[in-house]
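Asks: Sequence first, then the predicted structure, then my questions.
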Amino acid sequence: MITLSKKLKQAKEGKPVAIAHAPDKRASVRDKLLVKEVQEMESNLPPTCKVNFEDPNKLHQFNLTIAPDEGFWHGGTFDFDVDVPEDYNILPPRVQCNTRIWHPNIAENGDICLSLLRETSLDATGWSPTRTLKDVVWGLNALFYELCDFDDPLNLEAAEHWLRDKESFQEKVTSYIERYAKR
């Protein structure tokens, strides 16, 4: 058995000292979780969703495309960047919508209001370590089918527009799809 004192003595005498090197990089907890979660997410995608990994070695960064097949946003294709932080699953993934959209829960700059993406929440709907990427994908997909809670919309103007005049709201959504999200 080689001890520290033995290694120090060898170094003092000018003899080569064998040092065991650790691998360059250990897999993080996030990366270990993502191996399992990405498989589960891909096997349980809603039919309106597609996932693309630009770099298959970076499971923590991917693009999600949602193409609703009914509802206000039918006919559009909406792209989201998903970035999973190193502190995942304590922290939720960061999601940004890359397609300009008229939506009460998605701002025109791409910010998203979805309770399960919130780090802290007053109710039990915020992020928790028991949530997975599959939950995030299904939650984002639901934004196009269920007009979410308007008590706390991100795009207040769009929410008020929908409450005031649904027909005019649909026309504006359609115009945004034609300009920014056409398939």
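Replies: Right, received. Where do you want to start?

Asks: Do I have it right that residue 182 meets residue 77?
Replies: Yes - here residue 182 reaches residue 77: they are 7.5 Å apart, a contact under Cβ atoms under 8 Å. Heads up, the C-betas are built off the backbone N, CA and C, glycines and all.

Asks: and these two? which has more neighbours close in?
Replies: Ranked by neighbour count (other Cβ atoms under 10 Å), residue 182 and residue 77 place residue 77 first, with 17 against 10.

Asks: Check the gap between that one and residue 180 for me.
Replies: Plainly put, residue 77 is 10 Å away from residue 180 if you go by Cβ to Cβ, to the nearest Å.

Asks: Common neighbours of those two, please.
Replies: When contacts are counted by Cβ atoms under 8 Å, 6 or more residues apart in numbering, the set common to residue 77 and residue 180 consists of residue 99.

Asks: Neighbours of residue 161, how many?
Replies: 17.

Asks: So which elements touch the helix or strand where residue 139 lies?
Replies: Secondary structure assignment for residue 139, by DSSP states H and E: helix 133-142. Contact analysis of helix 133-142 by 3 or more Cβ pairs under 8 Å, 6 or more residues apart in numbering; DSSP states H and E lists helix 29-43, strand 49-52, strand 61-66, strand 78-83 as its packing neighbours.

Asks: Quick one: list the elements packing against the next helix or strand along the chain from it.
Replies: Using DSSP H and E, the helix or strand that follows helix 133-142 in sequence is helix 156-164. Packing partners of helix 156-164 (3+ Cβ pairs under 8 Å, 6+ apart): helix 166-176.

Asks: of all the helices and strands packed on helix 133-142, which lies closest to residue 144?
Replies: Proximity to residue 144 (Cβ to Cβ) singles out strand 61-66 among the helices and strands packed on helix 133-142, at 6.2 Å.

Asks: my guess is residue 129 contacts residue 89, does it?
Replies: Yes - using Cβ under 8 Å, residue 129 is in contact with residue 89, at 4.6 Å.

Asks: Those two: which has the busier surroundings?
Replies: Neighbours were tallied for residue 129 and for residue 89 using other Cβ under 10 Å; the higher tally belongs to residue 89 (20 against 11).
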